[in-house]
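1. sequence plus the predicted model coming up.
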Amino acid sequence: MPELVEVETTRRDLSKIIIGKKINKVVVSLDKIVYNKKQNFINDVTKKSILDVKRRGKWLLFELDDKYLVIHFRMEGRFYLLKKDAKIEKHDYVVFYFDDFSLHYNDPRLFGKLQTVDKDKILEFFKDKNLGLEYDDKNLTAKYLKEKFKTHHTDIKKMLLDQSFITGIGNIYADEILFESKINPKTYADKISTTKLKEIISNTKNVFERSLKYKGTYPNIDGRRGTFEEHLKVHKRENMPCYECGNIIKKEKVGGRGTYYCPHCQKKRG
Ligand SMILES: [Zn+2]
């Protein structure tokens with residue numbers, strides 16, 4: 001599933017190419033991918049310039065004149081940037097044509113959605129999504145997490161996966177953040193010290209930035225796959241030695257998710 005890093009990678013890569021460019025034409029070959037009425041959607045984006053490319057959680061937003069084109073990739077949606085006359089591949093359900101290239105939205109699982117939202121309705125659009133803070137939001141502080149976690153006598157791993165506290169942490173990232181912070185995934189969230197919460201915050205940034213450097217784990221707009229998986233420290237490293245202490249990495253279910261950790265570096269406390 002494309003996670004925050006994949007969406008952010010797409011945003012950064014597309015920003016360099018499509019900002020200031022005009023969508024000359026859009027072809028929608030499968031109506032259900034588009035949330036609006038198809039013809040409204042086409043009218044909303046045709047002949048419109050892209051002013052900016054933004055992201056909120058796992059939503060990608062193209063800023064147009066008076067609307068946002070909002071995209072959610074869900075399970076397997078992605079964008080490919082190709083030449084203008086490039087062949088339409090199987091599962092390319094929406095194609096945007098610019099002066100000298102085309103942007104293909106491909107989605108084999110059909111769970112993704114594209115829709116246009118009026119600019120003045122965008123806050124409303126995100127309101128019921130219950131998204132927490134972005135990893136680089138300056139309001140993400142130990143105090144914020146302390147307040148959020150104080151009524152949650154439950155595993156920290158589950159809390160990190162809950163998108164209403166910090167948005168965008170998926171399973172791989174939660175394992176890596178907890179490893180870097182030397183916190184056992186089953187530590188109760190309400191028992192974590194301010195010092196350790198600060199470590200969670202700084203390691204969330206570090207792990208995301210490291211993954212962004214390697215462009216995540218999915219194919220990007222040029223079709224090349226990100227290589228972050230080669231740089232994971234615990235996730236998917238069951239029975240392999242810990243890079244820091246040499247003990248064997250363990251896997252167990254925490255909050256219903258396969259969880260990898262080092263029993264030595266991440267001892268359970270409290
Ligand atoms: Zn270790």
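-> Yep, it's here.
2. going by C-alpha atoms from here, please, whenever you check contacts or count neighbours.
-> Noted.
3. chain center to stretch 51-61: distance?
-> 11 Å (CA atoms, centre = their mean, to the nearest Å).
4. what's it in contact with?
-> Applying CA atoms under 8 Å, 6 or more residues apart in numbering, the contact partners of stretch 51-61 are 3-4, 7-8, 11, 14-15, 19-20, 62-65, 68-73, 131, 134, 167-168.
5. ok, now stretch 39-48?
-> 22-27, 34, 64-65, 67, 69, 115-116.
6. what do you get for stretch 237-250?
-> So stretch 237-250 is in contact with 233-234, 251, 260-265, going by CA under 8 Å, 6+ apart.
7. so how far is that stretch off the chain centroid?
-> 27 Å.
8. could you see whether the ion lies near that stretch?
-> Yes - on the criterion CA under 5 Å from the ion, stretch 237-250 is in touch with the ion at 242, 245.
9. what residues sit buried inside that stretch?
-> If you call a residue buried by 16 or more other CA atoms under 10 Å, then stretch 237-250 has these buried ones: 237-238, 241-242, 248-250.
10. dump it to CSV, restricted to CA.
-> Listed next in CSV are the C-alpha coordinates belonging to stretch 237-250 (Å, rounded to 0.1, in the frame of the first residue of the first chain):
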residue,chain,number,x,y,z
ARG,A,237,14.4,-9.1,9.6
GLU,A,238,13.0,-11.9,11.7
ASN,A,239,15.8,-14.3,13.0
MET,A,240,18.5,-12.1,11.7
PRO,A,241,21.0,-10.4,14.0
CYS,A,242,20.3,-6.9,15.3
TYR,A,243,22.7,-4.4,13.7
GLU,A,244,23.3,-2.8,17.1
CYS,A,245,23.7,-5.7,19.6
GLY,A,246,23.8,-8.9,17.5
ASN,A,247,20.8,-10.5,19.3
ILE,A,248,18.2,-12.1,17.1
ILE,A,249,15.3,-10.0,15.8
LYS,A,250,11.9,-11.4,16.8
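11. contacts only, for the closest residue to Leu81 other than its chain neighbours.
-> Nearest-residue entry for Leu81: Leu103, 4.7 Å, with adjacent residues in sequence omitted and distances by CA to CA, 6 or more residues apart in numbering. Going by CA under 8 Å, 6+ apart, Leu103 touches 79-82, 95-97.
12. any idea whether Leu103 is helix, strand or coil?
-> strand (DSSP: H, G, I helix; E, B strand; the rest coil).
13. what about it, distance to Phe179?
-> Here the criterion is CA to CA, to the nearest Å. By it, Leu103 lies 38 Å from Phe179.
14. what's the domain layout of this structure?
-> 4-127, 142-261 (automatic domain parsing).
15. redo the ones you listed as JSON lines? Include mean pLDDT.
-> Putting the domains of the chain into JSON lines (pLDDT from 0 to 100) gives the following:
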{"stretch": "domain 4-127", "mean pLDDT": "95"}
{"stretch": "domain 142-261", "mean pLDDT": "96"}
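16. what helix or strand does Val7 sit in?
-> Using DSSP states H and E, Val7 falls within helix 4-18.
17. ok, residues contacting that helix?
-> 50, 52-55, 57-60, 79, 168-169, 208, 211-212, 215-218, 220-221.
18. sort out for me which of the buried residues of stretch 237-250 are in helices.
-> If you go by DSSP state H, those have nothing in helices.
19. if you look at the residues you listed, which of them are in strands?
-> Of the positions in the buried residues of stretch 237-250, Lys250 sit in strands, assigned by DSSP state E.
20. which of the buried residues of stretch 237-250 lies closest to the ion?
-> Cys242 (4.5 Å; CA to the ion).
21. phi, psi of the closest one?
-> phi -60, psi 140 (degrees, to the nearest 10).
22. how many neighbours does Lys113 have?
-> 18 (other CA atoms under 10 Å).
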